[in-house]
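Engineer: generate a structure from the sequence data that follows.
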Amino acid sequence: MPERENKDLVLRYLEEFNEDNLEAAAACFADDLVGHEPGRNLHGRDGIRHSLAGFRNTFPDIQVTVEDLVAEEDRVVARWRFRGTQRGEVLGVAPTGKRVTVTGMIFYGISEDGISEYWGSWDRMGLLQQLDAPATLSVSPRLRLPRSPESAHLVFQSSLRRRVEGQPEAVEDRGPQVAKQVHLCLQRRVQRFGTER
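Structural biologist: Coordinates of the predicted model:
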């Protein structure tokens, strides 16, 4: 599909969701959809239907606003913001009745059958802060932090190579700089939140 049609498909999905037309929103997705979010993957229209219903049940008055929408070939990227009142449990937090604003981004992959894949992320920490949730974050004991920027670079390289198949030069060009930043960020998190051990 042309880029304009791909953008229109994503906008139609979000408009239907905003209007609480969950069946029409789910119809914008391909039967073989694979959705990637931190901590979970969704499969098929049933998976997205279940996810949309969960958001609608938790935030019955939810409204999504698209802040930016960019398309290139078969990809569409949306930077969005949603507002809603928490009436159901979310991220382990019981209903509070608080009105929240949450931001996020989603990369959509479009095929002839509709939205066939997406990679989404939203500001869970910001949501928890707005709900006055207790700060219970800690680093998992299973997480082995790299001991140096060089070892972080090796971890980063192997991870990125799995994602950038056939393009190792993309890893080599900026890998050491990014790995150093990732390593420093992880060190700061450990210092801030501690470990469970």
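
Engineer: how about the strand or helix carrying residue 103: buried residues?
Structural biologist: Per DSSP states H and E: residue 103 is located in strand 99-111. Within strand 99-111, the residues that count as buried by 16 or more other C-beta atoms under 10 Å are 100, 102, 104, 106, 108-110. Bear in mind the C-beta positions are built from the backbone N, C-alpha and C, glycine included.

Engineer: just put those in CSV and tack on pLDDT and distance to residue 66.
Structural biologist: Formatted as CSV, those follow (pLDDT from 0 to 100; distance: C-beta to C-beta, whole Å):
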residue, pLDDT, distance to residue 66
100, 97, 18
102, 96, 14
104, 95, 11
106, 96, 10
108, 97, 12
109, 96, 18
110, 97, 16
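
Engineer: report the two of those residues separated the most.
Structural biologist: 100 and 110 (29.7 Å; C-beta to C-beta).

Engineer: quick one: mean pLDDT over stretch 83-95.
Structural biologist: Per-residue pLDDT over stretch 83-95 has a mean of 94.

Engineer: strands of the chain, start to end?
Structural biologist: 29-37, 40-43, 63-72, 75-85, 99-111, 114-122 (DSSP state E).

Engineer: and the angle for the first one with strand 114-122?
Structural biologist: For strand 29-37 against strand 114-122, the angle by axes from the mean of the first three to the mean of the last three C-alpha atoms, to 10 degrees is 20 degrees.
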